[in-house]
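Novice: Return a 3D structure for these sequence lines:
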Amino acid sequence: MIKITYFALLGTFSLIFLIAIIYYLVKPAPSGDSSVGWAIGIFYLTALLGVILVALLFWRNKTIGLIVLCIPLLFIVIPIIKSGARDLYAWLPAQRATPLTLHIANNTSALVNVKLECWFGKTDGDEQSLYKTLEFTSKPLAVDQHVLSDYDTQLLSAKSAFIRIVFYECLQQSGNGYTYVREVQPCMQYQDVAIEDFQGNDYLITIDGEKNTDAFRAEVRRLKESDMYQNGVF
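Specialist: Below is the predicted model of the structure:
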């Protein structure tokens with residue numbers, strides 16, 4: 001069994017390495033942000049070659065060679081286990097008796113996407129990850145109420161390290177015979193909120209255009225100069 005598994009993994013990794021080498025030789029190197037992923041791919045490919053060569057050195061002792069070949073599998077299995085544990089943690093019920101109602105008051109004439117980002121990790125730590133984003137669309141000068149599910153309520157009020165509320169102005173545009181909505185990047189404004197603020201029955205989110213960030217204002221000026229800010233209100 002060990003011998004079969006050893007040769008199966010060795011053949012699989014060798015085939016993957018061969019295909020990747022052909023891909024890198026045929027496809028030209030990208031520029032810009034894509035070059036980072038390209039370089040990381042080369043790093044992983046080099047590491048895979050090292051694993052194959054070390055495993056070949058132990059072809060007489062296939063037990064050790066199999067252990068070496070299992071190293072790349074750990075890099076696949078460990079993230080899956082962490083993701084599953086995180087999903088289980090988010091799913092387990094918290095002590096919460098009543099649902100949470102979000103009240104979104106849009107005091108601007110803009111169509112706004114409101115995103116509540118649920119960040120996991122230690123509140124005061126350096127390593128935090130975005131787990132889930134709750135997204136709502138607020139029409140101009142509208143006040144809406146959204147009753148959240150028990151799952152989303154516990155994410156906001158108990159499970160997350162903190163919540164980041166982000167506003168994006170949406171431009172309704174048309175082209176090529178169809179209409180679409182485009183978010184203006186960067187965001188209008190954002191704020192980090194402690195989960196304790198969501199532990200009541202209601203939470204009010206107010207959209208105020210006077211609090212827009214300097215980065216957003218600069219982007220709006222650029223879009224106006226390029227005549228790309230159609231239907232915008234700022």
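
Novice: Where do the domain boundaries of the protein fall?
Specialist: 2-91, 101-225 (automatic domain parsing).

Novice: and the longest strand belonging to the chain, what does it pack onto?
Specialist: What stands out as the longest strand in the chain, according to DSSP state E, is strand 162-175. Counting contacts by 3 or more Cβ pairs under 8 Å, 6 or more residues apart in numbering; DSSP states H and E, strand 162-175 is packed against strand 111-121, strand 178-183, strand 189-193. Quick note: C-beta positions are derived from backbone N, CA and C, even for glycine.

Novice: ok, now how distant is the residue of the chain positioned farthest from its centre from residue 3?
Specialist: Each residue of the chain has a distance to the centre, and by Cα atoms, centre = their mean the biggest one is for residue 60: 44.9 Å. Distance from residue 60 to residue 3, counting by Cβ to Cβ, to the nearest Å: 11 Å.

Novice: likewise residue 143?
Specialist: 70 Å.

Novice: before we move on, what about residue 14?
Specialist: According to Cβ to Cβ, residue 14 and residue 3 sit 16 Å apart.

Novice: Please apply the same query to residue 57.
Specialist: 16 Å.

Novice: Could you say which helix or strand holds residue 204?
Specialist: strand 202-207 (DSSP states H and E).

Novice: What angle do strand 162-175 and that strand make with each other?
Specialist: Calculated by axes from the mean of the first three to the mean of the last three Cα atoms, to 10 degrees, strand 202-207 forms an angle of 50 degrees with strand 162-175.
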